[in-house]
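Peer 1: Just the structure for this:
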Amino acid sequence: MSTQNIKEVVKEKYGQAALRLIKGGSRCCGAGPEEEGRLDPVTANLYDGGDASQVPEEALLASFGCGNPTALAELKPGETVLDLGSGGGIDVLLSARRVGPSGKAYGLDMTDEMLALARENQRKAGIENAEFLQGEIENIPLPDHSVDVVISNCVINLSADKGRVLQEAFRVLKPGGRFAVSDIVVRGEVPKSIRKNVELWAGCLAGALEENEYISKLTQAGFEAINIEVTRVYRAADARELLASKGTDIDEIAPLVDGKFVSAFVRAMKPLG
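Peer 2: Next comes the predicted model:
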């Protein structure tokens with residue numbers, strides 16, 4: 001599976017998801033249709049009532065994340081934040097409120113439909129210190145040393161060149177800047193049959209980095225003080241829920257992913273000098 005193929009599959013899937021949400025449809029990590037009344041095991045219950053009340057309902061429904069990086073990042077008034085793969089904009093809007101009018105929150109996404117959805121959610125929220133940029137997380141359209149914090153929510157695993165993404169995050173961070181993302185992480189080996197499945201890639205599983213590989217790539221990019229904190233462990237039953245609409249052989253795959261995929265907070269820091 002080529003880098004371009006992965007990019008096109010991800011772009012198409014999340015563009016379709018945005019259109020479905022605009023029309024009043026459901027959400028699910030990986031943009032597949034969700035059966036009525038069934039919660040996605042990855043995206044469910046990530047934001048508490050306080051956060052949920054600060055954004056339009058449409059922004060909450062458009063969340064395809066696996067955590068709440070705005071809570072992880074410990075944002076301060078006046079800081080500049082960048083969200084890699086901002087989707088419907090929920091983490092950008094929450095960040096904008098946390099950094100206040102003296103700060104700014106950028107959202108970066110490559111999908112036209114998601115950008116349109118995010119900007120509409122920004123309008124409904126009445127937030128002025130946020131800006132949504134079109135582009136790829138492997139080529140961030142911001143200058144060197146321009147942001148205090150890089151966040152992301154279950155998007156880096158979708159990239160075919162994660163090393164490049166981490167290098168770009170390092171480049172745009174100011175010295176002492178923080179990398180604080182939620183992502184899917186692998187513990188142990190994943191069968192090649194899963195790695196080759198484009199549907200599972202778009203569903204946040206096939207592209208996930210193994211824990212030690214994640215740490216290695218962050219180190220190679222220049223980061224220090226790296227920490228990976230597991231927040232959810234996905235069992236075979238979760239895999240059945242997640243993969244139900246992916247057209248895969250659930251009985252074959254579920255046992256292979258039991259306990260190997262986790263949601264995690266990934267923290268790191270750019271050295272001061």
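Peer 1: helices and strands of this protein: which one bottoms out on pLDDT?
Peer 2: helix 198-202 (a mean of 54; mean pLDDT, DSSP states H and E).
Peer 1: Helices along this protein, start to end?
Peer 2: With DSSP state H as the criterion, the chain has helices at 3-22, 49-52, 57-61, 69-72, 90-99, 112-125, 162-172, 192-195, 198-202, 211-221, 236-243, 250-257.
Peer 1: chain center to the second one: distance?
Peer 2: If I follow you right, that is helix 49-52. How far helix 49-52 lies from its chain's middle: 19 Å, per CA atoms, centre = their mean, to the nearest Å.
Peer 1: If you count neighbours, what's buried in that helix?
Peer 2: For helix 49-52, a neighbour-count test (16 or more other CB atoms under 10 Å) marks D51 as buried. In this view, the C-beta of every residue, glycine as well, is placed from N, C-alpha and C.
Peer 1: ditto for the third one
Peer 2: Neighbour-count burial for helix 57-61, counted by 16+ other CB under 10 Å, picks out E58, A59, L60, L61.
Peer 1: what residues does that helix touch?
Peer 2: Contact partners of helix 57-61, identified using CB atoms under 8 Å, 6 or more residues apart in numbering, comprise 21, 27, 47, 52, 88-90, 93, 117-118, 120-121, 124-125.
Peer 1: Looking at those, which has the smallest pLDDT value?
Peer 2: Among the contacts of helix 57-61, R27 has the lowest pLDDT, at 48.
Peer 1: Count the residues that sit near Q16.
Peer 2: 16 (other CB atoms under 10 Å).
Peer 1: how near is it to E113?
Peer 2: Per CB to CB, to the nearest Å, Q16 is found 8 Å from E113.
Peer 1: Ok, I140 next?
Peer 2: Here I140 is placed at a distance of 21 Å from E113 (CB to CB).
Peer 1: Between the two, which has more neighbouring residues?
Peer 2: Neighbour totals were compared for I140 and E113, and I140 leads with 22 against 19 (other CB under 10 Å).
Peer 1: Tell me how far the more buried one lies from G107.
Peer 2: I140 is 12 Å from G107, where distance means CB to CB.
Peer 1: Give the residues shared as contacts by these two.
Peer 2: With CB under 8 Å, 6+ apart, I140 and G107 have common neighbours L82.
Peer 1: and the closest residue in space to L46 that isn't next to it in sequence, how many neighbours?
Peer 2: Using CB to CB, 6 or more residues apart in numbering and skipping the chain neighbours, the partner closest in space to L46 is N68 (5.2 Å). For N68, the count of nearby residues is 21 (other CB under 10 Å).
Peer 1: Does N68 touch D51 like I think?
Peer 2: Yes: assessed by CB atoms under 8 Å, N68 is found in contact with D51 at 6.8 Å.
Peer 1: Same list, the buried residues of helix 57-61, but as CSV with pLDDT and distance to I184 please.
Peer 2: As requested, the buried residues of helix 57-61 are exported to CSV (pLDDT from 0 to 100; distance: CB to CB, whole Å):
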residue, pLDDT, distance to I184
E58, 77, 24
A59, 80, 22
L60, 79, 20
L61, 76, 21
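Peer 1: hmm, back to that, show me just the buried residues among the contacts of helix 57-61.
Peer 2: For the contacts of helix 57-61, buried by 16+ other CB under 10 Å: L21, R27, Y47, G88, G89, I90, L93, L117, A118, E120, N121, A125.
Peer 1: now these in CSV, with distance to I151?
Peer 2: Shown next, in CSV, are the buried ones among the contacts of helix 57-61 (distance: CB to CB, whole Å):
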residue, distance to I151
L21, 21
R27, 19
Y47, 14
G88, 15
G89, 12
I90, 11
L93, 12
L117, 19
A118, 14
E120, 21
N121, 17
A125, 18
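Peer 1: Of those residues, which is the nearest to P191?
Peer 2: For the buried ones among the contacts of helix 57-61, the minimum distance to P191 (CB to CB) is 27.7 Å, reached by R27.
Peer 1: Phi, psi for the residue lying closest to I184 once chain neighbours are set aside please.
Peer 2: Among residues not flanking I184 along the chain, A208 sits closest, at 4.2 Å (CB to CB, 6+ apart). Phi and psi for A208, reported as degrees, to the nearest 10, are phi -70, psi 140.
Peer 1: how many other residues sit next to A208?
Peer 2: 29.
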